[in-house]
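>>> following is a predicted model, sequence given first.
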Amino acid sequence: MKRPVLLIKFGEIGLKGGNRRFFERLLIDRLKAALADLPGNVPWIERVRGRFLLDLSSIPPAVAIDRLGRVFGVVELSRALQVDADLDSLAAASREVLGEALADFAGDRPVRFRVTARRADKRFPVNSMELNQLLGAHLLRSAPRLQVDLHHPEITVEVEVREEGAYAYARNYRGPGGLPVGSSGKALLLLSGGIDSPVAGWMSLKRGLELEAVHFQSFPFTSERAREKAVDLARALSPWAGGSLALHLLSFTETQRAIRNACPEELGVTLMRRMMFRIAQALAGQVNAHALVTGDNLGQVASQTLASLSVIGQATDLLVLRPLVGLDKTEIIDFARKIGTFDISARPYPDCCSLLLPRHPATRPTLAGVGRAEARLDAIGLVERALASRETLQLTPTISFS
Ligand code: ATP
Ligand code: MG
């Protein structure tokens, strides 16, 4: 028996004691969902002691690695050969995986390598030390470029003898870590067209939150392009979100007009944000989400002083998560590039909050002052009508089999 497999290793979820089975089952579901749209049968994912196995015979390895590399909970993926547990099979498999890894090193300069063997199945007659030596010597003879280097290898050939079979592998890919989406409950992401909120969404997905997203639009103040941006951002997040992300588009035009007509200009941003929270809280109730997530940071703009965030936050009883609070703008941008949202956010179409920006926004709004201004608004009616305008899109990644 010899077959190519992907070893799927997970970390933290192994630590969760009694919850372990729940986490593992959820992770398997997420892995399957990430491959569900590929042609052919849904690939079978096997659970073997502390890790999962995907048979790579019928699925292009690069596609599997690309897809599963975006499933939270995955710590590492290894392209392996699974073989019978005997020395000859292991020697042949190690040579093959080493040859593939060696192909990444152009030219014919020497390449440092080592073997790291683990004998988990003690019925196997050769122990780990002996396996290291035997296979190391065998591989050394197989290619003249190779040099053994135990301390600074460029290639590590890993060999494992386990109860369910033996494996050899030399190419590993880092997963995103985190917890499987849905293991921490569900939240509603306030998704603007900016750089920050998609990153905030990614971070909360990483910690196991299931998300739905809401975007407030202000036709005709904002364009069709601004809406498209939010849709594309949600789509770009969807592979991280379990393969699909619901985006709720709500009209904010009436609310914005009412605020502009009835309230002091310098409180405009504060009042808009508070109305967003009220509407989002009502929507969260409808979709069974238990927290709000925003891309707020500290100190970036007027609405992000402590006083301002505090007054805005008091518009909702829901927990508000602000996962970007510890990051600098340059770090947020790095993340945005990594997760594939930066170029979309950088498109020059303003969302509703960039318009109607006051010349001198209040940096120290008070609850009392805000209360006086809001007394002139029909907040309940505005929330109801914004909700009634809801349009929901279920977004999935643009299919690519490359
Ligand atoms: P971003 O880059 O996410 O727009 P920002 O630094 O520009 O963030 P603000 O524009 O002040 O900050 O918005 C703060 C947060 O409020 C956003 O991160 C987002 O969570 C939410 N928000 C702002 N505008 C909208 C909108 N039109 N629809 C939904 N949420 C929004
Ligand atoms: Mg913004």
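Yep, that arrived. Ligands and ions are numbered 1, 2, ... in the order given.
>>> quick check: chain neighbours aside, which residue is closest to Cys197?
Quick fix: residue 197 reads Ser, not Cys. Distances taken as C-beta to C-beta, 6 or more residues apart in numbering place Gly295 nearest to Ser197, at 3.3 Å, with adjacent residues excluded. All C-beta spots, glycine's among them, are computed from the backbone N, C-alpha and C.
>>> what secondary structure does that neighbour sit in?
Under DSSP: H, G, I helix; E, B strand; the rest coil, Gly295 falls in the coil class.
>>> got a pLDDT number for the residue in the stretch 101-250 of the chain positioned nearest to ligand 1?
Sorted by distance to ligand 1 under C-beta to the nearest ligand atom, the residues of the stretch 101-250 of the chain start with Gly194, at 2.1 Å. pLDDT, Gly194: 95.
>>> how near is it to Lys206?
Per C-beta to C-beta, to the nearest Å, Gly194 is found 19 Å from Lys206.
>>> sorry, back to before: so how far is ligand 1 from the residue nearest to Ser197?
The spacing between Gly295 and ligand 1, counted by C-beta to the nearest ligand atom, to the nearest Å, is 3 Å.
>>> number of nearby residues for that residue?
22 (other C-beta atoms under 10 Å).
>>> check the gap between it and Arg25 for me.
Counting by C-beta to C-beta, the gap from Gly295 to Arg25 is 32 Å.
>>> Gly340 now?
Computed with C-beta to C-beta, the distance linking Gly340 and Arg25 is 28 Å.
>>> go on, His360?
The spacing between His360 and Arg25, counted by C-beta to C-beta, is 54 Å.
>>> these two - which one has more neighbours?
Neighbours were counted for His360 and for Arg25 using other C-beta under 10 Å; Arg25 has more, 12 against 8.
>>> make sure I have this right: that one is in a helix.
Yes - in this structure, Arg25 lies within a helix as judged by three-state DSSP.
>>> begin at 795 from now on, thanks
Okay, using 795 as the starting number, the last item reads as Arg819.
>>> and the pLDDT for it?
The model reports Arg819 with a pLDDT of 90.
>>> thought Pro1159 was touching Ala1101, still the case?
Yes - here Ala1101 reaches Pro1159: they are 6.5 Å apart, a contact under C-beta atoms under 8 Å.
>>> which of those two has more neighbours?
Pro1159 (24 against 14).
>>> what secondary structure does that one sit in?
Applying three-state DSSP to Pro1159 yields a three-state assignment of coil.
>>> how near is it to ligand 1?
Computed as C-beta to the nearest ligand atom, the Pro1159 to ligand 1 distance reads 14 Å.
>>> from Pro938, how far off is that residue?
Taking C-beta to C-beta as the criterion, Pro1159 is separated from Pro938 by 73 Å.
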